[in-house]
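Asker: this one's structure only:
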């Protein structure tokens, strides 16, 4: 057998998908920080988490990712995408880029993606559930209803999030996400 | 539910099935401490574009594919396995991916034995008792699957190597791997799957876990075989059928080989006709023969996955075995455009019947009274049920 007929295959990259997911993670990370100051439910959810809570949500094997955690004063902060030197308490990993794309293009909600085993988690399950609830609220603020309905398990009812709260919160979160 | 005093069930394989399932392979390999797989496949998979899809699924994984060997023959041999072993070692691979039907799967299993034991002589490991722990092995069945890929068997040079260790670690079923190939291949795989599943749960030592796997297999195949045989384009339906066929391989690994399956493979060996179609036709006549002559060995529960819960409940318990056999005949009748109605129409010479029967009985041992295979084959040859023969 001529083994040169069967060469090694080096995989290519997925640059466009990587850039898209990186932008989405940056927006979601910043939006979580903003929502923790604007929305009472997000505040309450973060209050239930430990003081040194640090979430690393990233795509395997080499990113992109985002880190959101509590600082020394207990304030929720977006801390970039490099985990070096940070004590991660909850590591949520999308197993591959295509799984992450399914989630971030809202073809699959976070819950469905978890059921399809597209996410691997290192950390406490209650903390993970809290993060999924926070992500659902943040997505409700960031996206129009027609898209959010695809991304969350249940779109909040009128009684849970009335239009005044939703639109006012949306404006404030967008301002905080893209300004300071 | 039928439960014996003692039973064992073994399944080494994790099944990963559905949308973007292929993209999970690099993650799964890493979790088994493997970083450089060798892909074993055949020319048909290259032609249908499956190899290209598999390569693309490794993009952005940071994992190098050692080589894609696409020269597997339809009758795999030990010399081919030895050559592949040298390619595997030369490239420093640490895992194996089999892509395609039974031939690539058999070669991959043989290759795994050689490279795991650092040997070049497959015969030393005929009973696998001396074998070292095998390397990670992933199976990606395509629409060319025939039903034996997921089992604990490898057939090389017409010799069967059987061990639970040979079962794949992970089976990945992705709708993108379902091509528009010949519907006869699909029907053949479906029928072999249904034969393996039904025969495995119709023996006296069957167990509840194997039964539940068999139930899933029969349901999936029974539901999808007609629609996939009618149209080549239904990828999701085909994937569902291949799920059923794959599960039947696991079921078969936990039970002795049945008579219909043995007849199918002996007929294939002697006449070149597809084993699944032969076995499928023979199975219906075998169950009919059991009902009328032996009066046991056909379980009423068989009717449930074949006909559905509504029809199952509407039939009295004592009539269910007969209804199950009728449902199987009906399933074959619905496939009359794809398969012949009896063995005579398959151009099997009548004088071969005796030879096939003798070889099948030798293969299955004392599972059935002597002469059963011949009587069943005669019924299947002429397409006559036991009651009509009398």
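Answerer: Now that the structure is in, tell me what you want to look at. Just so you know, these numbers come straight off a predicted model, no measurement behind them.
Asker: which residues of chain A fall in helices?
Answerer: A:15-38, A:40-47, A:97-104, A:110-115, A:125-142, A:145-151, A:163-178 (DSSP state H).
Asker: looking at the ones you listed, which is closest to residue B:91?
Answerer: Among these, helix A:97-104 comes nearest to residue B:91, with 25.5 Å by Cβ to Cβ. Any C-beta I mention is one placed from the backbone N, CA and C, and that applies to glycine too.
Asker: for the most centrally placed residue in chain B, what are its contacts?
Answerer: Closest to where the C-alpha atoms of chain B average out (Cα atoms, centre = their mean) is residue B:147, at 1.9 Å. Going by Cβ atoms under 8 Å, 6 or more residues apart in numbering or on different chains, residue B:147 touches B:102, B:189, B:192-193, B:196, B:245, B:248-249, B:276.
Asker: so where's the chain shaky on pLDDT?
Answerer: I went with chain A, as the question did not name one. Chain A contains residues with pLDDT under 70 at A:158-159, A:180.
Asker: actually it's chain B I care about, not the one you picked
Answerer: In chain B, residues with pLDDT under 70: B:1-2, B:204-205, B:389-390.
Asker: Longest helix in it, by number of residues?
Answerer: helix B:208-230.
Asker: Can you name the element that comes right after that helix?
Answerer: On the C-terminal side of helix B:208-230, the closest following helix or strand by DSSP states H and E is helix B:235-253.
Asker: on that earlier part again, among the helices of chain A, which comes closest to chain B?
Answerer: Among the helices of chain A, the nearest to chain B by Cβ to the nearest Cβ is helix A:97-104 (4.5 Å).
Asker: Just want the angle from that closest one to helix A:15-38.
Answerer: Between the axes of helix A:97-104 and helix A:15-38, defined by axes from the mean of the first three to the mean of the last three Cα atoms, to 10 degrees, the angle is 40 degrees.
Asker: So what's the gap between helix A:97-104 and the chain middle?
Answerer: Centroid displacement of helix A:97-104 relative to its chain, using Cα atoms, centre = their mean, to the nearest Å, is 11 Å.
Asker: now for that helix, which elements pack on it?
Answerer: On a contact count with 3 or more Cβ pairs under 8 Å, 6 or more residues apart in numbering or on different chains; DSSP states H and E, helix A:97-104 meets helix A:15-38, helix A:110-115.
Asker: between that helix and helix A:125-142, how many degrees?
Answerer: Using the same axes, to 10 degrees: helix A:97-104 against helix A:125-142 is 60 degrees.
Asker: Going by neighbour count, list what's buried in helix A:97-104.
Answerer: A:97-104 (16 or more other Cβ atoms under 10 Å in any protein chain shown).
Asker: What of stretch B:78-98?
Answerer: Result for stretch B:78-98 [16+ other Cβ under 10 Å]: buried residues B:78, B:80-85, B:87-88, B:91, B:93-98.
Asker: just stretch A:24-38 next, same as before
Answerer: A:24-36, A:38.
Asker: Dump the residues you listed into TSV; add distance to chain B as well.
Answerer: What follows is the buried residues of stretch A:24-38, written out as TSV (distance: Cβ to the nearest Cβ, whole Å):
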residue	distance to chain B
A:24	16
A:25	15
A:26	19
A:27	21
A:28	20
A:29	21
A:30	25
A:31	25
A:32	25
A:33	28
A:34	30
A:35	30
A:36	31
A:38	35
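Asker: Now render these as a markdown table, adding distance to residue A:18.
Answerer: Shown next, in a markdown table, are the buried residues of stretch A:24-38 (distance: Cβ to Cβ, whole Å):
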| residue | distance to residue A:18 |
| --- | --- |
| A:24 | 11 |
| A:25 | 11 |
| A:26 | 13 |
| A:27 | 15 |
| A:28 | 16 |
| A:29 | 16 |
| A:30 | 19 |
| A:31 | 20 |
| A:32 | 21 |
| A:33 | 23 |
| A:34 | 25 |
| A:35 | 25 |
| A:36 | 27 |
| A:38 | 30 |
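Asker: Of those residues, just say which sits nearest to residue B:292.
Answerer: residue A:24 (66.0 Å).
Asker: hang on, the earlier thing: how about the helices and strands packed on helix A:97-104 in TSV, adding distance to residue A:7?
Answerer: Output for these, formatted as TSV (distance: least, Cβ to Cβ, whole Å):
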stretch	distance to residue A:7
helix A:15-38	23
helix A:110-115	35
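Asker: In contact with the residue lying closest to residue A:110 once chain neighbours are set aside, which residues are there?
Answerer: Of all residues not flanking residue A:110 in the chain, residue A:132 sits nearest, at 5.3 Å (Cβ to Cβ, 6 or more residues apart in numbering or on different chains). Residue A:132 makes contact with A:110-111, A:114, according to Cβ under 8 Å, 6+ apart.
Asker: Of the residues you listed, keep whichever come out buried.
Answerer: Here, 16+ other Cβ under 10 Å leaves A:110, A:114 buried among these.
Asker: Write out the residues of the stretch 1-150 of chain B neighbouring chain A.
Answerer: B:16, B:18-20, B:23-24, B:26-27, B:30, B:55, B:57-70, B:83-84, B:86-87, B:90-91 (Cβ under 8 Å from any Cβ of the partner chain).
Asker: Now intersect those residues with the helices, please.
Answerer: B:26-27, B:30, B:55, B:57, B:83-84, B:86-87, B:90-91.
Asker: Between those residues, which sits nearest residue B:325?
Answerer: Taking Cβ to Cβ as the measure, residue B:325 lies nearest residue B:57 of those, at 43.1 Å.
Asker: Quick one: residues contacting the closest residue to the closest one other than its chain neighbours.
Answerer: Of all residues not flanking residue B:57 in the chain, residue B:22 sits nearest, at 3.9 Å (Cβ to Cβ, 6+ apart). Residue B:22 sits next to B:53-54, B:57, B:140, B:172, B:174, B:176-177 when contact means Cβ under 8 Å, 6+ apart.
Asker: Residue A:169 reaches residue A:40, doesn't it?
Answerer: No. Using Cβ atoms under 8 Å, residue A:169 is not in contact with residue A:40; the gap is 9.7 Å.
Asker: Show me which of these two is the more surrounded one.
Answerer: Using other Cβ atoms under 10 Å in any protein chain shown, the more surrounded residue of residue A:169 and residue A:40 is residue A:169, with 21 against 9.
Asker: Enumerate every residue touching the more buried one.
Answerer: By Cβ under 8 Å, 6+ apart, the neighbours of residue A:169 are A:35, A:38-39, A:141.
Asker: try it again with 6 Å
Answerer: Residue A:169 makes contacts with A:38-39, A:141, as judged by Cβ atoms under 6 Å, 6 or more residues apart in numbering or on different chains.
Asker: Helix or strand next in line after the helix or strand in which residue B:263 is found, which one?
Answerer: Element membership for residue B:263, per DSSP H and E: helix B:259-271. Once the chain leaves helix B:259-271, the next helix or strand it forms, by DSSP H and E, is helix B:275-289.
Asker: That following helix vs helix B:208-230, what angle?
Answerer: Using the same axes, to 10 degrees: helix B:275-289 against helix B:208-230 is 120 degrees.
Asker: what's next to the helix or strand just after helix B:275-289, contact-wise?
Answerer: Where DSSP H and E defines the elements, the next helix or strand beyond helix B:275-289 is helix B:303-307. Residues from elsewhere that reach helix B:303-307, judged by Cβ under 6 Å, 6+ apart: B:215, B:218-219, B:222, B:312, B:320, B:323-324, B:327.
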